[in-house]
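Peer 1: task: produce atomic coordinates for the following.
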Amino acid sequence: MRILGVTLPDEKHIDIALTALYGVGRSRAQSILTQANVAFTKKAKEISGDEENAIKKAMEGLKIEGDLKREVAANIKRLKDIKAYRGVRHVRALPVRGQRTKTNSRTRRGNTRKTAGTGRKVAEKK
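Peer 2: Numbers count the residues shown, from 1 in each chain. Reported below is the predicted structural model:
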């Protein structure tokens, strides 16, 4: 089953399979299925054509996939353009939401091997 150019995993229950779409989590998937009158317990491969159309119709008004990605990118670009604090943090590839950076934040800053040592040299053994 394909929705918005994304192939949903066949072996998963439809409420879980819908989370493969960007912008659709568990609660949004369940509300889509409720609106489309489709049982949560069905697997993605068991969905009939009529049910698939009902799901697509229920998703019509939602911002998901490309539209949502564009909106998020535009919001970040706006923050960068006005040189807001959060925009500057995005530019410098640092944590945006107030996390500490003295330790941690390795995934955001990169270079996971580099660690702050003690500055102490180990004496050589003879």
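Peer 1: what segments of this protein are helices?
Peer 2: According to DSSP state H, the chain carries its helices in the segments 14-17, 26-36, 49-58, 66-81, 85-91, 106-109.
Peer 1: tell me which of those helices sits most buried.
Peer 2: Mean neighbour count (mean count of other CB atoms under 10 Å) peaks for helix 14-17 among the helices of the chain, with a mean of 22. Glycine gets a C-beta too; all of them are placed from N, C-alpha and C.
Peer 1: show me where pLDDT drops low in the chain?
Peer 2: Along the chain, segments meeting pLDDT under 70 span 112-119, 125-126.
Peer 1: which segments of it make up each domain?
Peer 2: 2-58, 66-109 (automatic domain parsing).
Peer 1: turn the ones you listed into a markdown table, columns for distance to Arg120.
Peer 2: Converted to a markdown table, the domains of the chain look like this (distance: least, CB to CB, whole Å):
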| stretch | distance to Arg120 |
| --- | --- |
| domain 2-58 | 47 |
| domain 66-109 | 18 |
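Peer 1: now the residue most central in space within the chain. Nearest residue, chain neighbours left out?
Peer 2: For the chain, Tyr22 is the residue whose C-alpha lies nearest the centre (CA atoms, centre = their mean; 6.2 Å). Counting by CB to CB, 6 or more residues apart in numbering, the nearest residue to Tyr22 once its immediate chain neighbours are dropped is Glu65, at 5.1 Å.
Peer 1: same check on Lys45?
Peer 2: That would be Asp10: by CB to CB, 6+ apart, it lies 4.0 Å from Lys45.
Peer 1: I figured that neighbour hits Ala44, correct?
Peer 2: Yes - Asp10 sits in contact with Ala44 when judged by CB atoms under 8 Å, with a separation of 5.1 Å.
Peer 1: neighbour-wise, which of these two wins?
Peer 2: Ala44 (21 against 12; other CB atoms under 10 Å).
Peer 1: separation between the closest residue to that one other than its chain neighbours and Arg89?
Peer 2: Closest residue in space to Ala44, ignoring its immediate chain neighbours: Ala17 at 4.2 Å, by CB to CB, 6+ apart. Noted for Ala17: a distance of 35 Å to Arg89, by CB to CB, to the nearest Å.
Peer 1: next: Leu62.
Peer 2: The gap separating Leu62 from Arg89 is 29 Å, by CB to CB.
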